[in-house]
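**Student:** Build me a model:
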Amino acid sequence: MEHHFYQDDIPYSTLQEDKTGYQILLLREQQNQSFTAIASQLGVSPARVRQQYTKMKVRQVRLYLRHIAIALGHENTAQVRNVFSTAMECYQNYPYACGYLDKTYGEILEAYRAGEPGTPQEMLEKLPPCPVKLGEEEISRMVTMREEENASFRAIGRAFHITPEKARHTYEMVYHRKVLEYVEGLQQQVRTWEERRELWRRYFGGHQSAKTRYENIMRVK
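**Tutor:** Got it, this is the predicted structure:
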């Protein structure tokens, strides 16, 4: 079925216009090189390589979403974006979420790339199930593993068949909810918008982890 959206498609080859970025993408995913190794090869910092890689993944996903929507005859990318958002919630890992698109829409994306490689097969085979449903009992067990058994997020991820990033996110959300509940209680005691804003700034400003925020609250409570 023809659809007017097809005239707005963007060739996958446009990803290669950033030659250095595309090289980093291939070295990282097809040769499984570390950011440090790539940085040494290109004569830049690992932080710069990581930044470039992330930028390329974002561009790749945008191209994927657009083309998949076009190929399926959608008027916009909303439905496909929902699929990607679900994958991001599952994995909390951008490359894995991109891999989920490769796995779900394999034929469409293989034709779109016209010979260029996508997510490595090894990564696709390691993708945990999606969506992930963790009950309170499992979450409680994760907290115990982290706090009483000193388990790494990688080990927790293996135990629950989720990514390390999802394990970290789930653990942090336990304490985020605790902090949120505490702050919402304080909000009942203030009257003005400025006072409420100050509360949120005090307890949610900066770059602390949710666990650290909660520990700070308990320390002075």
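
**Student:** what's the weakest-modelled helix or strand in this structure?
**Tutor:** Within the chain, confidence by mean pLDDT, DSSP states H and E is lowest for helix 193-204 among all helices and strands, at a mean of 82.

**Student:** got a list of contacts for that helix?
**Tutor:** V179, Y182, V183, L186, Q187, V190, R213, I217 (CB atoms under 8 Å, 6 or more residues apart in numbering). Any C-beta I mention is one placed from the backbone N, CA and C, and that applies to glycine too.

**Student:** Same check on stretch 152-163?
**Tutor:** With contact meaning CB under 8 Å, 6+ apart, stretch 152-163 is reached by 90-93, 96, 128-129, 132, 134, 138, 142, 145-146, 151, 164-168, 170-171.

**Student:** Check stretch 10-22 too.
**Tutor:** The list of residues contacting stretch 10-22 from outside it, by CB under 8 Å, 6+ apart, reads 25, 42, 52-53, 55-56, 59-60, 63, 66-67, 112-114, 116.

**Student:** What's the PyMOL line that selects buried ones from the contacts of stretch 152-163?
**Tutor:** Buried members of these, defined by 16 or more other CB atoms under 10 Å, are picked up in PyMOL with:
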select buried, resi 90+91+92+93+96+128+132+142+145+146+151+164+165+166+167+168+170+171
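
**Student:** returning to what we had before: filter the contacts of helix 193-204 down to the ones in strands?
**Tutor:** In strands, defined here by DSSP state E, there are no members of the contacts of helix 193-204.
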